[in-house]
Every structure is written in C-alpha cells, then in structure tokens.
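Q: please find the sequence and the predicted model below.
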Amino acid sequence: MSKSTLPHTWTPFERLSTMMEDMFPAASNVLGSWAPLVDIKETEKEFVFLAEIPGMNRENFEVELVGDTLVIRGKREEAKEDKAEGWIRRERHVGTFMRSFRLDTPVKQDMIEAQYRDGILQITVPKAEAVKTARIVIK
C-alpha cells in the first residue's frame, strides 16, 4: 500500500457522517453509521489490519476482498436494556459501519486470515510475489 494514497475510500454518506460528527459529536448515533479505528502495518511479506471493534460478536461483521479492495463491514445492535430511560449520556456507537482499503500490491487472496479477540479484529493479508517482467524479442 503506498504511503502517499489515502487508504480509506470515502463514500458520500461517510463524508457527510464525518462532517456531522465533527460538528455534532453526539449526532453520529442518530445517523446510524460509524467507523471503527483501524491501524495498518506493512511489512515485506504482508499487510496487517487491526480494527478496534469492541462489544461485538464475530457474526456481526464480515471481511471480504473485492478486486483490490479489502472491505470490513458490520452492524452493532443497540442492546434492548439500553433503551430504558434514565441515561445521562450515551457515546457508544451503534448501527452499521463499513471501511474499505485499496491495496496497490498483489496479494494472496486464498491465504488471507482474520481473527477477532478482545475487541480487535486482526486481518493478515499476505503479499503475492512481485510481478516479474520478461523482455519479448520482436521477430
């Protein structure tokens, strides 16, 4: 992944949601969309994505590679007991989320691994061997 490109592909709704959250932090839950924080590490052999998604079960999100884009999406439901009156402040995000990251390096699709533990989703994306060039003799 090149360091000069923004790894997240923003949708128009995400842009609006981010602007609204900057102006009105409590509005993000009203909009029903949020984005988990993701750290990305690149080594010679792989990319490692660490998404902070506490309070969910692994069944509540999915990870897929669509072309050259890694997509993480899911939904955090509001707990039924949380609907009771008496809350003074509510800052935990609920609703759907989606993050996408364009990979500008070929990867081994069949060797991508994901695990979820202690609120962190770790996705390891092994890089494919560099594309070799071959000079073609013109006859």
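A: All right, it came through fine. Quick caveat: nothing in here was measured; it's all calculated off a predicted structure. Numbers count the residues shown, from 1 in each chain.
Q: drop to CA atoms for contacts and neighbour counts, all remaining ones
A: Will do.
Q: who's the residue nearest the centre of the chain bridged to?
A: In the chain, the residue lying closest to the centroid (CA atoms, centre = their mean) is residue 99, at 3.5 Å. On the basis of DSSP bridges, residue 99 is bridged to residue 72.
Q: isn't it right up against residue 35?
A: Yes. Between residue 99 and residue 35 there is a contact under CA atoms under 8 Å: 6.7 Å.
Q: now do the same for the residue nearest to the centre of the chain: its pLDDT.
A: pLDDT recorded at residue 99 is 93.
Q: where do the strands sit along this protein?
A: Ranges of strands in the chain, per DSSP state E, are 38-42, 46-52, 61-66, 69-76, 95-102, 113-117, 120-126.
Q: who touches the fourth one?
A: It stands for strand 69-76. 56, 60-65, 93-103 (CA atoms under 8 Å, 6 or more residues apart in numbering).
Q: that one to strand 61-66, inter-axis angle?
A: With axes from the mean of the first three to the mean of the last three CA atoms, to 10 degrees defining the directions, strand 69-76 sits at 160 degrees from strand 61-66.
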